[in-house]
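Asks: structure for this input, please:
(4 chains)
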There are 2 protein chains.
Amino acid sequence: MLEAKKVLKKSNLRPTSQRVAIVDYILQKNKVHITAAKLITHFKNKNISISLATIYNNLNELADKGILRKFYVNNDKMWFDSNLQDHYHFYDSEKDELIDIDKNEISFSKSPKIPDGKIKDSINIIINLKNKN
Amino acid sequence: MLEAKKVLKKSNLRPTSQRVAIVDYILQKNKVHITAAKLITHFKNKNISISLATIYNNLNELADKGILRKFYVNNDKMWFDSNLQDHYHFYDSEKDELIDIDKNEISFSKSPKIPDGKIKDSINIIINLKNKN
DNA sequence: TTATAGTTTAGAATCATTCTAATAATCTAA
DNA sequence: TTAGATTATTAGAATGATTCTAAACTATAA
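Replies: Now for the predicted structure:
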């Protein structure tokens, strides 16, 4: 069975052609940062037609199932990341592109006290890059 | 002269009543995290009418002039911060509220290598909180 | 097979933000 | 001071990303 179908089956998602195409794309590269807009462009270029709504539905579903991680960068765009390890990002605004920073590339010698009654949910670190000129 | 007017004058912004109201609000508390929507609600409650467009225009202008700092949190909302020191944030999604983390509350013992041809522009650290239960 | 539950889709709706262009307020020079 | 120029404010339209809706379609279990 196709790898993509196995992944979908394991998450109880029916392997529709659209889903298979999306999961296939994610599996091709081992780490992917995507945006709904980027994905639909990719499929258009390959003459595969999937509606925007379906792209969003599925990216969100895959995020719910823990196959992708969903987050936002400095601007108003939703990103999905297939790297599920704890990690951080460089953001290259020039190219509108994210670059992974491995968890062990950053270490803290001091961490802030969490406010009373709360616990840490997740940490978002984005290092914005600009061109050296 | 009103403190707010002085601030505006220094930045070559005409002290219109709307601007004075906004800057006044910022000066009242020494550290403020605001959103256009939160500000307009605040003014509505005090029966001061300022249009949304003006709120946005002015917050952006104040950010351009370096009086506020503009950034985005995990969701698609634009935040303005009157704390100009280098610092980071906790985000309490329950209350839709930011809490400052002083720069010296976090220290790094290891920092990632910046990609070739690029330099660091800014670092965004957001620690998302959830309720201890 | 077929009935059912799950999916996809186009297009409408929503929400934050920006734009437009008409009106109003502030400023400057004389 | 005041006229004219410049800058601001505003309502409402426009935009762009995302979600919703409801109708048409597809996979699946029995």
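Asks: which SS class is A:Asn58?
Replies: helix (DSSP: H, G, I helix; E, B strand; the rest coil).
Asks: count of neighbours near A:Asn104?
Replies: The number of residues packed near A:Asn104 is 11, by other CB atoms under 10 Å in any protein chain shown. Every residue, glycine included, has its C-beta placed from N, CA and C.
Asks: who in chain A is up against DNA strand C?
Replies: A:12-14, A:16, A:18-19, A:49-54, A:57-58, A:76 (CB under 7 Å from any atom of the strand).
Asks: at 10 Å what do you get?
Replies: A:8, A:11-22, A:40, A:43, A:48-58, A:61, A:75-76 (CB under 10 Å from any atom of the strand).
Asks: can you give the domain ranges for chain A?
Replies: Following automatic domain parsing, one finds the domains of chain A at A:3-80, A:84-129.
Asks: buried sites along the longest strand along chain A?
Replies: Among the segments of chain A that qualify as a strand by DSSP state E, the longest is strand A:118-131. For strand A:118-131, burial by neighbour count (16 or more other CB atoms under 10 Å in any protein chain shown) applies to A:118, A:124-129.
Asks: repeat that for stretch A:61-72.
Replies: In stretch A:61-72, counting by 16+ other CB under 10 Å, buried: A:61-63, A:67-69, A:71-72.
Asks: ok, stretch A:77-97 next?
Replies: Going by 16+ other CB under 10 Å, stretch A:77-97 has these buried residues: A:78-83, A:87-92.
Asks: what does stretch A:41-48 give?
Replies: Buried residues in stretch A:41-48 (16+ other CB under 10 Å): A:Phe43.
Asks: other SSEs contacting the host helix or strand of A:His42?
Replies: Using DSSP states H and E, A:His42 sits in helix A:36-45. Other helices and strands packing on helix A:36-45, by 3 or more CB pairs under 8 Å, 6 or more residues apart in numbering or on different chains; DSSP states H and E, are helix A:17-28, helix A:52-64.
Asks: quick one: is that helix near DNA strand D?
Replies: Yes. Helix A:36-45 lies within reach of DNA strand D by CB under 10 Å from any atom of the strand, at A:36-40.
Asks: what subset of those is buried?
Replies: Using 16+ other CB under 10 Å, the buried ones in these are A:36, A:38-40.
Asks: which ones are touching the residue lying closest to A:Lys118 once chain neighbours are set aside?
Replies: Excluding the flanking residues, the one nearest A:Lys118 by CB to CB, 6 or more residues apart in numbering or on different chains is B:Leu129, at 4.2 Å. Contact partners of B:Leu129, counting by CB atoms under 8 Å, 6 or more residues apart in numbering or on different chains, are A:114-115, A:118-121, B:90-94.
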